[in-house]
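In: sequence-free structure coming up:
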Ligand SMILES: Nc1ncnc2c1ncn2[C@@H]1O[C@H](COP(=O)(O)OP(=O)(O)OP(=O)(O)O)[C@@H](O)[C@H]1O
């Protein structure tokens, strides 16, 4: 309502009929807007009701003016519907003039529309009838005056009407203008209404969308409420948990409080300690400063020491070089000593008296007693004479005296004493260790690149096997295992000086000049072995050579060899006594520092028992005779070789008859060929005589001594040493000349030159 334009106030006393406004609306409205239209009409009605209050009261102005007849006004029909009828253009129909009703404000308040027709009264006798009813003729006659009056009145009325008509026309024009204005207003209002409706529609749409949105929001809100409820529940659960936790935390807090109070107590205690410690720290810092100074001094000292150490290390290197060169000199000196002592050495060992000796002596020749005067002549054994042994050289142990007493044909007792000299005489109580002491230096020579051969010679039962192989206990260990151990020990000792050694072993047996490999594969060696000679040396074909990485492996080698020897002995009675066994240890070494290399060997030979043909009783036994002949033959050849070697040292170059027997040992080739020597020409014991002729008066003496019947308790150990293969010695001499005493070096050189 507030948006509707207000009607302008009009001087016309006639209120514009409200219905004319509604009829003037010529807009077509859609069905959909019908409700709105109705609402708008209601609004307009309500406005129409209010409008008169805003217009000026027509009656007030019109009451002062005379009524003017108006054709339009008289003939204009009025309807109660409020719709204005079109004014007729023809002559106006006469109707009872009716004075225009002057509306008052009071009447307007009770009448809805001024255009409503006046109510007709029930009687037609009223002086003035506003309606145009025709007066009857009777009355006209009687009342011509009245008629004239009436005509006058009519004329006046008509004039008034004309005036009114004119005025009405004016009013109509004004009204039309007003209507036009109203229509314009109406259009504007309609437009505004349409706008308002479209606005309303928009608003309604907005409302609908807002409703939808509200619905959505409501749903969202519901969902959020649900979520919030869930959240509230979970929060409640969390709250419960937190409450529980809080209780625990409170408990913890209580404990922590206790702890804190304890800690506070501790802290106060610690703060006291802290003060004390601070004091100590200050003291320590002072001490530290002093220590730092000491440390600096120590660092300086250390750097001095490091310098010294460097110098010392340099010195060590020089000394190591010296040591290597000294080692070389040691070797030379050692060998020089050995040369001086003799490259061939002969030892004599006397075994203790055994119970078996007593019984045999008592049964055949009587008890072996000390101080008996039996002479050790070749016939002594036959006579059953017993020899007494004395050891006069108590200091050097180099002599043995054999005394014998015999009664002459005349009945007088004859007593003779025979003295024999050796490099060393081992008395009956001598131990294996003592015997080995003499041999160990020779074992050392093997490592230095020498070939050493040690063999035992003596009658059956004199103790050759015991000496060479030994017993089962540590004390009775024989020369073979001891020598091997010594070689390994010497090799180990030389390791820091750059020497690395490789060792191999072989074990052969020679029976009746036939070679049997004791390390062979089968139970009994059926192979035929030959002795080959070439530039690299002499070797036996088809023999097993076992690598020996440790002394223990030598023990197992000896075990294998012994078991095979036992098998052979079972096959042939007393074979072991009638065969030679030769153990060979080959040693090859290289020095990684100096580039030296050397090859040496150690040959340990247990010879077959040697005895005279006549005394052994072999003469009658063909087989035994053959054995003895072979033994003697090989031993004779051996004797020749030894004798030749012994002479060589004294007289210079001499032919050495190495090839005379298989048993003959040589530095690089221990086994040599079968001798074709005549037994009669070279009796078995001659070689010993040749070797030790200075000690013996003649060969018979030696034979009597070693093979004769004076005693079965003596063995002779022969040790032969010969130079093996070695390289670059001359270079080393040159080097060593810078370090060692010239005189010493000159001597060493001379010795080496002499020995080679
Ligand atoms: N020095 C010694 N001390 C103790 N017993 C010894 C000693 N020498 C040898 N015997 C013992 O003498 C016995 C004979 O020794 P062994 O078998 O070594 O003689 P052999 O000369 O090798 O004899 P064969 O030529 O017949 O082999 C053995 O019982 C041995 O134990």
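Out: Cool, got the structure. In this text, all values refer to a predicted model and were calculated from it rather than measured experimentally.

In: tell me the helix or strand right after the helix or strand containing residue 243.
Out: Using DSSP states H and E, residue 243 maps to helix 144-341. Next along the chain after helix 144-341, taking DSSP H and E as the criterion, comes strand 344-350.

In: does any part of that following strand sit near the ligand?
Out: No. Strand 344-350 lies out of reach of the ligand by Cβ under 6 Å from any ligand atom, never closer than 6.9 Å. For the C-beta atoms, the positions are set from N, CA and C on the backbone; glycine is no exception.

In: could you give the angle of that strand to helix 144-341?
Out: 80 degrees (axes from the mean of the first three to the mean of the last three Cα atoms, to 10 degrees).

In: and strand 344-350, what does it pack against?
Out: strand 424-426, helix 432-447, helix 622-651, strand 714-723 (3 or more Cβ pairs under 8 Å, 6 or more residues apart in numbering; DSSP states H and E).

In: what is the mean pLDDT for that strand?
Out: When pLDDT is averaged over strand 344-350, the result is 82.

In: pull out the buried residues from that strand.
Out: Within strand 344-350, the residues scored as buried using 16 or more other Cβ atoms under 10 Å are 344-350.

In: is residue 505 in a bridge, and if so with what?
Out: residue 546, residue 585 (DSSP bridges).

In: do the same with the one 5 residues further on
Out: The partner list for residue 510 in beta bridges (DSSP bridges) reads residue 515, residue 580.

In: my guess is it contacts residue 607, does it?
Out: No. Residue 510 lies out of contact with residue 607 (Cβ atoms under 8 Å); the separation is 9.5 Å.

In: how about the residues of the stretch 401-550 of the chain near the ligand?
Out: Taking Cβ under 6 Å from any ligand atom, the part of the stretch 401-550 of the chain that reaches the ligand is made up of 458, 460-466.

In: drop anything exposed from those residues.
Out: The buried subset of these (16+ other Cβ under 10 Å) comprises 458, 461-466.

In: residue 487: neighbouring residues, count only.
Out: 26 (other Cβ atoms under 10 Å).

In: any idea which helix or strand carries it?
Out: helix 479-493.

In: list the buried residues in that helix.
Out: Here helix 479-493 shows 479-488, 490-491 as buried, counting by 16+ other Cβ under 10 Å.

In: quick check: residue 555 touching residue 478?
Out: No. Applying Cβ under 8 Å, one finds residue 555 not in contact with residue 478, separated by 11.6 Å.

In: most widely separated two among the residues of the stretch 401-550 of the chain next to the ligand?
Out: Greatest spatial distance in those: 460 and 466, 12.3 Å, computed using Cβ to Cβ.

In: quick check: closest non-adjacent residue to residue 482.
Out: Counting by Cβ to Cβ, 6 or more residues apart in numbering, residue 436 is the residue found nearest to residue 482 once chain neighbours are left out, at 4.5 Å.

In: would you map the helices across the stretch 351-500 of the chain?
Out: According to DSSP state H, counting those that start in this stretch, the stretch 351-500 of the chain carries its helices in the segments 355-360, 380-383, 432-447, 464-468, 479-493.

In: turn the ones you listed into TSV, including mean pLDDT.
Out: Putting those into TSV (pLDDT from 0 to 100) gives the following:
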stretch	mean pLDDT
helix 355-360	67
helix 380-383	39
helix 432-447	84
helix 464-468	88
helix 479-493	87
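
In: what about residue 275, how many neighbours?
Out: 10.

In: start the count at 50, not 1, going forward
Out: Taking 50 as the first residue, the last one we looked at is residue 324.

In: ramachandran angles for residue 511?
Out: phi -80, psi -10 (degrees, to the nearest 10).

In: quick one: which of residue 604 and residue 527 has more around it?
Out: Counting neighbours by other Cβ under 10 Å for residue 604 and for residue 527 shows that residue 527 has the greater number, 21 against 14.

In: quick check: closest non-adjacent residue to whichever residue of the stretch 250-399 of the chain sits closest to the ligand.
Out: The ligand sits closest to residue 398 of the stretch 250-399 of the chain, with a gap of 6.9 Å, by Cβ to the nearest ligand atom. Nearest residue to residue 398, sequence neighbours excluded (Cβ to Cβ, 6+ apart): residue 475, at 4.1 Å.

In: shaky segments in the stretch 450-599 of the chain?
Out: 453-460, 561-562, 571-575, 580-588 (pLDDT under 70).

In: how does this protein divide into domains?
Out: Domain segmentation of the chain under the TED database yields 250-361, 479-751+760-772.

In: just to check, residue 473 is in contact with residue 487?
Out: Yes. Here residue 473 reaches residue 487: they are 5.4 Å apart, a contact under Cβ under 8 Å.

In: mind listing the shared neighbours of those two?
Out: By Cβ atoms under 8 Å, 6 or more residues apart in numbering, residue 473 and residue 487 have these common neighbours: 394, 396.

In: wait, the residue nearest to residue 398 sits on residue 482?
Out: No. Using Cβ under 8 Å, residue 475 is not in contact with residue 482; the gap is 11.0 Å.

In: of these two, who's got more company?
Out: Legend: neighbour count by other Cβ under 10 Å for residue 475 and residue 482, higher for residue 475 (23 against 13).

In: contacting residues for the residue nearest to residue 504 when sequence neighbours are not counted?
Out: Excluding its sequence neighbours, the residue lying closest to residue 504 (Cβ to Cβ, 6+ apart) is residue 654, at 3.3 Å. Residues counted as contacts of residue 654 (Cβ under 8 Å, 6+ apart) are 502-505, 517, 629-632, 712, 714.

In: right, I'll call it a day here.
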